[in-house]
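**Student:** The following comprises the amino acid sequence and a computationally predicted model.
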Amino acid sequence: MTTFSAITTLSGREAADNLAEVLEDFDPTPEGVGVFEIEDGSGRWEVAAYFEAPPDGIALALLATAFDAAPFAISEIPETDWVAHVKRELQPVEAGRFFVYGSHDADRVPEGRVALLIEAAMAFGTGHHSTTKGCLLALERLAAEGFRAKNAVDIGCGTAVLAMAAAAIWPDPVLASDIDPVAVEVAEANVQANGLEGRVRCVEAAGFDASALRAAAPYDLVFANILKGPLIALVPDMARSIAPGGVAILSGILNTQADEVAGVYREAGFELLNRDEITDWTILVLRRVQ
């Protein structure tokens, strides 16, 4: 089925939310409306609506003017078999000892590697994004240096690829949490597909806000591959939840944002162990020292 997108940008979360609310009552009614922060430090937000019929361009232009937004860019989106597309586009990813692949590449798994199966239909957070690959490389370096996590958690786990990586190389169970219930279902399916039932437990939670996560603290390793804003908001909970000497692997941070994030964590009692850049993204590895 052909669909149509209408996308604009404007300043401020409140204005973006208000515009999205008005779009939900637009005629024709959109099939979905999304609000996304543009992570470039500009303070601008993207509002996108998706329609089954061509939207009224004049009405959208008036709406953009009313909200002081950029003119809507209206595009036709042809029908796509996204699973087939992902299978064509996503090649296996190698990050140290880790080999992340889809079932269509099962015959390409090298011997002696830690293989992590992520189905193409569950492609977000597969390890193909630079941030996830960077976190896997940071984990590889920690393990090579002799670090061993006995109590690890993956906050904002997506497909749980990071939690599964830790569970695959160390014997102790790992927790994985996500605020999105669909992501939790995806994570559970991936855990089962990799034979890690009982080794990785998936929990729906915002940050550390779940009884299972609080009960398991303090942690000696925390993954948080999310975004700058949530990472900064998590600082108090992160400081309470990581044991002295424990390590946090953080990403979802643009290179231009890394100094700010590192500074906030330093003030909360963390020291910087490593800082790596992959394309536009930074991975921070920090140790809690107080």
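**Tutor:** Cool, got the structure.

**Student:** what's the helix or strand where residue 287 lies packed up against?
**Tutor:** Residue 287 belongs to strand 281-288 when assigned by DSSP states H and E. Where contact means 3 or more CB pairs under 8 Å, 6 or more residues apart in numbering; DSSP states H and E, strand 281-288 is packed against helix 130-144, strand 242-254, helix 258-267, strand 270-278. For the C-beta atoms, the positions are set from N, CA and C on the backbone; glycine is no exception.

**Student:** For residue 56, find the nearest of the ones you listed.
**Tutor:** strand 242-254 (35.7 Å; CB to CB).

**Student:** That closest one versus strand 281-288: what angle between them?
**Tutor:** 170 degrees (axes from the mean of the first three to the mean of the last three CA atoms, to 10 degrees).

**Student:** between the helices and strands packed on strand 281-288, which one is nearest to residue 92?
**Tutor:** Per CB to CB, nearest to residue 92 of these: helix 130-144, 11.5 Å.

**Student:** helices or strands up against the closest one?
**Tutor:** Helices and strands touching helix 130-144, by 3+ CB pairs under 8 Å, 6+ apart, are strand 93-95, strand 98-101, helix 161-169, strand 219-225, strand 242-254, strand 270-278, strand 281-288.

**Student:** which element follows the fourth one toward the C-terminus?
**Tutor:** The C-terminal neighbour of strand 219-225 among helices and strands, as given by DSSP H and E, is helix 228-233.

**Student:** what's that next one in contact with?
**Tutor:** Residues outside helix 228-233 that contact it (CB atoms under 8 Å, 6 or more residues apart in numbering): 37, 39, 156, 207, 224, 250, 252-254, 257, 260-261, 264.

**Student:** How much space separates residue 191 from residue 155?
**Tutor:** As defined by CB to CB, to the nearest Å, residue 191 lies at a distance of 16 Å from residue 155.

**Student:** the more surrounded of the two?
**Tutor:** More crowded of residue 191 and residue 155, by other CB atoms under 10 Å: residue 155, with 30 against 23.

**Student:** That one bridge partners, please.
**Tutor:** Using DSSP bridges, the beta-bridge partners of residue 155 come out as residue 177, residue 224.

**Student:** who's in contact with it?
**Tutor:** Residue 155 sits next to 177, 207, 208, 222, 223, 224, 226, 234 when contact means CB under 8 Å, 6+ apart.

**Student:** Can you say which of those residues are buried?
**Tutor:** 177, 207, 208, 222, 223, 224, 226, 234 (16 or more other CB atoms under 10 Å).

**Student:** out of these, which one sits closest to residue 11?
**Tutor:** residue 226 (22.9 Å).

**Student:** Let me know whether residue 236 touches residue 268 as I believe.
**Tutor:** Yes. With contact defined as CB atoms under 8 Å, residue 236 reaches residue 268; the gap is 7.4 Å.

**Student:** And the two? Which one has more around it.
**Tutor:** Taking neighbours as other CB under 10 Å, residue 236 and residue 268 compare with residue 268 leading, 17 against 11.

**Student:** Next up, the contacts around the more buried one.
**Tutor:** Contacts of residue 268 (CB under 8 Å, 6+ apart): 235, 236, 238, 239.

**Student:** Out of those, flag the one nearest to residue 72.
**Tutor:** Looking across the contacts of residue 268 and measuring by CB to CB, the closest to residue 72 is residue 235, at 37.0 Å.

**Student:** Quick check, that closest one in contact with residue 263.
**Tutor:** No. In this structure residue 235 lies outside contact range of residue 263 using CB under 8 Å: 10.7 Å.

**Student:** More neighbours: which of these two?
**Tutor:** Taking other CB under 10 Å, residue 235 and residue 263 do not tie; residue 235 has more neighbours (16 against 12).

**Student:** Return the distance of that one relative to residue 28.
**Tutor:** Taken as CB to CB, the span from residue 235 to residue 28 is 44 Å.
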